[in-house]
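In: okay, here's the prediction I keep looking at, along with the sequence it came from:
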Amino acid sequence: MSTEPRTAVPFTTRDYAARMSRVVDDGRAAGLDGVLVAPGPDLVWLTGYQPTAVTERLTMLLLTADREPTLLVPTLERPDAERAEGAPAVALVGWTDGADPYDVVRGLLRPDGAYGVSDNTWAMHLLGLQSALPGSRYESLTRRLPMLRAVKDDNELARLAAAGAAADATYEEILKVRFAGRRETDVAADLADLLRAHGHEQVDFTVVGSGPNGANPHHEAGVRVIQDGDCIVLDFGGLMFGYGSDTSRTVCVGEPSEQVREVHEIVRRAQQAGVDAARPGAACQEVDRAARRLITEAGYGEQFIHRTGHGIGVTTHEPPYMIEGEELPMVPGMCFSVEPGVYLPGRFGVRIEDIVTVTADGGRRLNTSDRSLRVVG
């Protein structure tokens, strides 16, 4: 097993400048005078800057049509901001402890402006802006600009593909370890170690839901000892080159029961139907409808208790969401999970998940590991 990390093509100042310009244009089209971005995934995507510690000190990127992109930072953190990949594309404005940062912002924004704010903005900072600019209005970017990071360029797609391949390799390796007689936490630790060995710099989750625990979609790996005959949901992922992986497979310790085989085949077919529904121009909800229809027709509709998928990029969960009512059209470069499941309380669960990217004529999986029901020891 190779543990040598692969490399990624660095993003350039031009890449970050183009992203910020697009956000300004999209914001204007949405009726906004500007977009305000606090530390979090949006700031990383737009500038490459992630403060070493997010504190009560105001850090905020101001994107408006009437001035160059401006990053407001505490003076003591300015050296870190200057080293960010996208720093040349922004004007840095520092403020010192003891000064009022909202007074600085007052001079950079319209007093009666309408602004989109990133979801990671602390309430205290939003209240501070409202106090400094009482005539201004604010809306969540997720509501006003839901496609902010949804469509990936070639470099982003390459990073997501690398993360997916690393997750696939992790799955093939975990099939070789012993499950029976070990705790869920032991297998979860193996998954985390393998993700890192295959190049992940960050592990976000390692779900190991054995037996009845598999009926909880977000079960945290616990001290339950895995037993012969258990059906086990494995769901794991994290960040590689700054972009996410997220995959689920279901395995069985020893020979599976007929019902486990039946449910697994239903979920496998539903997952395929969801992938097949990914195509340009179709609404995101069509992915959910395709997968859910097959599970419902098989008699397990009430046991499919979550959306079919979520977007993925610099975070493992982001818009768009594959759920009934989401009418955003799919476009090439959009990436999301397709992960239907069936959960039988007190007995077992089954989930199969791949990351899919929309292409010019359909959808392409970024996970290619075996989706059949594998038997482990």
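Out: Here it is on my side, so go on.

In: middle-most residue in the protein, spatially?
Out: With distances taken as C-alpha atoms, centre = their mean, the residue of the chain nearest its centroid is Thr316 (2.1 Å).

In: separation between that one and Tyr243?
Out: Note on Thr316: its distance to Tyr243, by C-beta to C-beta, to the nearest Å, is 9 Å. In short, each C-beta sits where N, CA and C put it, glycine included.

In: swap in Val375?
Out: 32 Å.

In: got it, and Gly254?
Out: Between Gly254 and Tyr243 the distance, using C-beta to C-beta, works out to 37 Å.

In: how deep is Val35 tucked in, by neighbour count?
Out: Around Val35 there are 27 other residues, counting by other C-beta atoms under 10 Å.

In: ok now do it, which residues does it touch?
Out: Counting by C-beta atoms under 8 Å, 6 or more residues apart in numbering, Val35 makes contact with 23-24, 27, 63-64, 115-118, 141, 145.

In: what's the first helix or strand after the host helix or strand of it?
Out: Secondary structure here is read from DSSP states H and E; on that basis Val35 sits in strand 34-37. For strand 34-37, the succeeding helix or strand toward the C-terminus, using DSSP H and E, is helix 41-47.

In: pLDDT on the strand holding Val35, on average?
Out: Mean per-residue pLDDT for strand 34-37: 97.

In: next one: stretch 361-369
Out: Model confidence over stretch 361-369, given as mean pLDDT, is 97.

In: list the contacts of Val203.
Out: In this structure, Val203 makes contact with 191-192, 195-196, 236-238, judged by C-beta under 8 Å, 6+ apart.

In: coming back round to it: between Gly254 and Tyr243, which one's more packed in?
Out: Taking other C-beta under 10 Å, Gly254 and Tyr243 do not tie; Tyr243 has more neighbours (24 against 14).

In: beta-bridge partners for that one, please?
Out: Following DSSP bridges, Tyr243 is listed with bridge partners Met240.

In: for Val117, same thing?
Out: Checking Val117 by DSSP bridges, which sets the bridge assignment, gives partners Leu36, Ser140.

In: surely it and Leu126 touch.
Out: Yes - judged on C-beta atoms under 8 Å, Val117 makes contact with Leu126 at a distance of 6.3 Å.

In: who touches both of these two?
Out: Shared between the contact lists of Val117 and Leu126 (criterion: C-beta under 8 Å, 6+ apart) are residues Tyr138.

In: neighbour-wise, which of the two wins?
Out: Val117 (21 against 15).

In: how near is the more buried one to Ala8?
Out: When distance is defined by C-beta to C-beta, Val117 is 30 Å away from Ala8.

In: for Pro280, same thing?
Out: Distance check for Pro280 against Ala8: by C-beta to C-beta, it reads 26 Å.

In: nice, that's everything, thank you.
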